[in-house]
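Student: model the following, please.
(chains A and B, ligands or ions: 1)
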Amino acid sequence: MKELDPWVFLAVLQEMLGPLLWGLLALAGLAAIGFLAVLVRDRGRLRARRLVWAEAAGLLGGIAAVLLTHAVTDSGFADIGGPIDWVVLAAIFLAGGFGTTIAAYAVFGLTGRNDRRHRIAGA
Amino acid sequence: MSLRRPVSPDGSAAAFLDRRRLLRAALAAGTVAAAGGAPSRSRAAAVRTRARIVIAGAGAAGLATAARLAARLDGAEITLLDRRREHLYQPGLTLVAAGLKPPGYVLGETAAFVPRGVRWIEERVAEFDPVARRVVTDAGRSLPYDHLVVATGLQLDYAAIAGMDTARIGRDGLGSVYAGPEEAAATWRALSAFADRGGTALFGRPSTEMKCAGAPLKHTFITDDILRRRGNRGRAELIYNAHSGALFGVPIVSERVRMLFEERGVRVNYRHELEAIDLGRRIATFRTPSGPVEIGYDFITVVPPMRAPEAVRNSPLPWQDGPLAADGWVEADRATLRHPRFPEVFAVGDVAGVPKGKTAASVKWQVPVAVDHLVADIAGTRSEAAYNGYTSCPLITRIGRAMLVEFDYHDNLVPSFPGVVAPLEELWITWVMKAIALKPTYLAMLRGRA
Ligand SMILES: Cc1cc2nc3c(=O)[nH]c(=O)nc-3n(C[C@H](O)[C@H](O)[C@H](O)COP(=O)(O)OP(=O)(O)OC[C@H]3O[C@@H](n4cnc5c(N)ncnc54)[C@H](O)[C@@H]3O)c2cc1C
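Tutor: Just a heads-up that it's a prediction; the model follows:
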């Protein structure tokens, strides 16, 4: 694991997840496209209320990402040993949280849930 | 995380490698390519040749070598020889013996990793004849070669321990992680039963060279952890029997393990090597400078002496003198892995007679170097690739934490992530790497992609 070559990284991810990797990437792609589509439809404005709900979902997503990592690796919070562990844990939380927020915003936007007229300038 | 996915076809692998080379060129003299003496990959097209290459052994080193040779040569006749059909991801045995993974976790099929264009013959080498440049298989087949790669791994010499019987692993407090997946699972059952009752547990290692010298240490730490989780640590005595005056070949690591053992209450006997075992009476006899010492146990994990496979030992290939001669390790230049007396022969993996090494991590760094030299021989060029002895070991110190220990021939620590993942620190991230990233990295290595 001395090589940080992105292609090696991809090869390792492929071995780790198998076909699931493409499924996950497709899901991430769909979420991003959905988010952008909603944004374009709303003329580049983020809807505050929808965003708050999406962020709430993101919070759960972040927590789920951390718990999933723990479950898959037979470990837990008590195993945190040094600063890098906190950084990695935070990164996992943020990645899970960010991904879920984007996906949730797209889903809410496309299904018309949590829509009111409150808006904030954005994007 | 299946071991059974089909091999990517040659074409795409080549295209992939080309892209990778481009990327490397783009990264130029940067941080990555230079690390650890990775060979130059500036050669763009595959080398055309009709060379006959025999690879003895289709384990980690043999398969990785086949994959890289197949990608870099066009038209070569590459033959893999190995009778074993199942592939063992051996680093996973530690997790099986900790009750965290089923035996199937380490099992795969050799066939799934044999690259296109490489012939696999399900026979073992019975005789190496480097003078006549040929090998003879146990089926009597004679294979002449232009280049030979010896990748037969090593032989576990359980018979060298008087009274030892691998069929009894799992019973009467007998464990052995090395013997295989089922035996590792049986070891877990014995460990778990011990952790419920307590008593005396014995650990240790042989004085021969061995694969993954960290494994017996990991197993000791895991046993300590399981006992604590069951609330029975106070009822158990753990004794680690070191074969020498140190706990690990690299002094700074040895010292760190000594401190951790002290902290966890693991007693250490130095210069104790298991020579006999009475499985019925549960008594282990150790060879020590002051004569044999008997210690009774409730649980023991046996790590057998290790030597080169018989066919290798009986050939002209091993070292003729020096510390690596007795157990038949193949003579090899420590930087190029080339045989000094038979220059068309390379040795990679556990069988290679180089100091340190004998891990899958060293295989990962040895194979590209040996392949680069072999391809250069064929192309009539010179290779500057050199292996610096890189070996790594995620030293598990409890379930959920490990220390990433990486070192070279000179006992220097060579951390992959300096300043980020501290080498001698017990970290969760290192455990996470061992638990989820090591096996995929290993599998990618078998396909020549890592
Ligand atoms: C318990 C344990 C824990 C480990 N932990 C780690 C770890 O955490 N990290 C790490 O990097 N490494 C670890 N390793 C070490 C790693 O698994 C080995 O170093 C690696 O598998 C060596 O690869 P190899 O190809 O040399 O040998 P092997 O993978 O053993 O393959 C050798 C092959 O050669 C074949 N063979 C033997 N004799 C002949 C013959 N005469 N003719 C033809 N074929 C023959 C065998 O059938 C076998 O398939 C561990 C090993 C064990 C046992």
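Student: within range of the ligand, give me the residues from chain B.
Tutor: Chain B has residues B:56-62, B:81-82, B:84, B:90-91, B:93-94, B:124-125, B:151-153, B:177-178, B:211-212, B:215, B:309, B:311, B:349-351, B:358-361, B:363, B:393-394 near the ligand, with proximity defined as CB under 6 Å from any ligand atom. Backbone N, C-alpha and C define where each C-beta goes, glycine included.
Student: could you list the buried residues of stretch B:166-185?
Tutor: For stretch B:166-185, burial by neighbour count (16 or more other CB atoms under 10 Å in any protein chain shown) applies to B:166, B:169-170, B:173-181, B:183-185.
Student: sorry, slip of the keys, the one I care about is stretch B:200-217.
Tutor: Within stretch B:200-217, the residues scored as buried using 16+ other CB under 10 Å are B:200-206, B:208-217.
Student: swap in stretch B:101-117?
Tutor: Buried-residue list, stretch B:101-117, by 16+ other CB under 10 Å: B:101, B:103, B:105-108, B:110, B:112-115, B:117.
Student: returning to that earlier point: just the residues of chain B next to the ligand: which are in helices?
Tutor: Counted as lying in helices by DSSP state H, out of these, are B:60-62, B:93-94, B:215, B:311, B:360-361, B:363.
Student: ranking by neighbours, what's the top pick from those residues?
Tutor: B:A61 (31 neighbours; other CB atoms under 10 Å in any protein chain shown).
Student: count of residues packed around the spatially closest residue to it that is not a sequence neighbour?
Tutor: Distances taken as CB to CB, 6 or more residues apart in numbering or on different chains place B:G349 nearest to B:A61, at 2.9 Å, with adjacent residues excluded. By the criterion of other CB under 10 Å, B:G349 has 30 neighbours.
Student: quick one, what contacts B:G349?
Tutor: B:57, B:59-62, B:151-153, B:358, B:362-363, B:366 (CB atoms under 8 Å, 6 or more residues apart in numbering or on different chains).
Student: how about a cut-off of 6 Å?
Tutor: B:61, B:151, B:363 (CB atoms under 6 Å, 6 or more residues apart in numbering or on different chains).
Student: output the residues you listed in JSON lines, with distance to B:G231 and pLDDT appended to each entry.
Tutor: Putting the contacts of B:G349 into JSON lines (distance: CB to CB, whole Å; pLDDT from 0 to 100) gives the following:
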{"residue": "B:A61", "distance to B:G231": "43", "pLDDT": "98"}
{"residue": "B:A151", "distance to B:G231": "46", "pLDDT": "98"}
{"residue": "B:V363", "distance to B:G231": "40", "pLDDT": "98"}
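Student: ok, now how distant is the residue nearest to B:A61 from chain A?
Tutor: 18 Å (CB to the nearest CB, to the nearest Å).
Student: low-confidence bits of the chain, can you list those?
Tutor: Defaulting to chain A. When residues are selected by pLDDT under 70, those of chain A lie in A:1-4, A:113-123.
Student: my bad, chain B
Tutor: B:1-44.
Student: closest to the centroid, which residue in it?
Tutor: Among the residues of chain B, B:T359 comes closest to the average C-alpha position under CA atoms, centre = their mean, at 3.1 Å.
Student: my guess is B:G400 contacts A:G81. True?
Tutor: No - taking CB atoms under 6 Å as the definition, B:G400 is not a contact partner of A:G81, at 8.8 Å.
Student: please see if the one helix or strand B:F261 maps to touches chain A.
Tutor: Per DSSP states H and E: B:F261 is located in helix B:251-264. No - shown here: helix B:251-264 not in contact with chain A (CB under 6 Å from any CB of the partner chain), separated by at least 12.4 Å.
Student: just stretch B:221-241 next, same as before
Tutor: No - residues of stretch B:221-241 contacting chain A under CB under 6 Å from any CB: none, with a closest distance of 10.7 Å.
Student: can I get that stretch as CSV, trimmed to CA atoms?
Tutor: Extracted in CSV, the C-alpha atoms of stretch B:221-241 (Å, rounded to 0.1, in the frame of the first residue of the first chain):
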residue,chain,number,x,y,z
PHE,B,221,-2.7,-9.8,21.3
ILE,B,222,-6.0,-11.1,19.9
THR,B,223,-6.1,-13.8,22.6
ASP,B,224,-5.5,-11.2,25.3
ASP,B,225,-8.3,-9.1,23.8
ILE,B,226,-10.8,-12.0,23.7
LEU,B,227,-10.1,-12.8,27.3
ARG,B,228,-10.7,-9.2,28.3
ARG,B,229,-14.0,-9.1,26.4
ARG,B,230,-15.1,-12.2,28.2
GLY,B,231,-14.0,-10.8,31.6
ASN,B,232,-11.6,-13.6,32.1
ARG,B,233,-8.2,-11.9,31.6
GLY,B,234,-7.5,-12.3,35.3
ARG,B,235,-7.9,-16.0,35.1
ALA,B,236,-5.4,-16.5,32.4
GLU,B,237,-1.6,-16.4,32.0
LEU,B,238,-0.3,-15.6,28.5
ILE,B,239,3.3,-16.6,27.8
TYR,B,240,5.1,-15.6,24.6
ASN,B,241,8.2,-17.7,23.8
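Student: chain center to it: distance?
Tutor: Here the centre of stretch B:221-241 is set off from its chain's centre by 27 Å, with CA atoms, centre = their mean, to the nearest Å.
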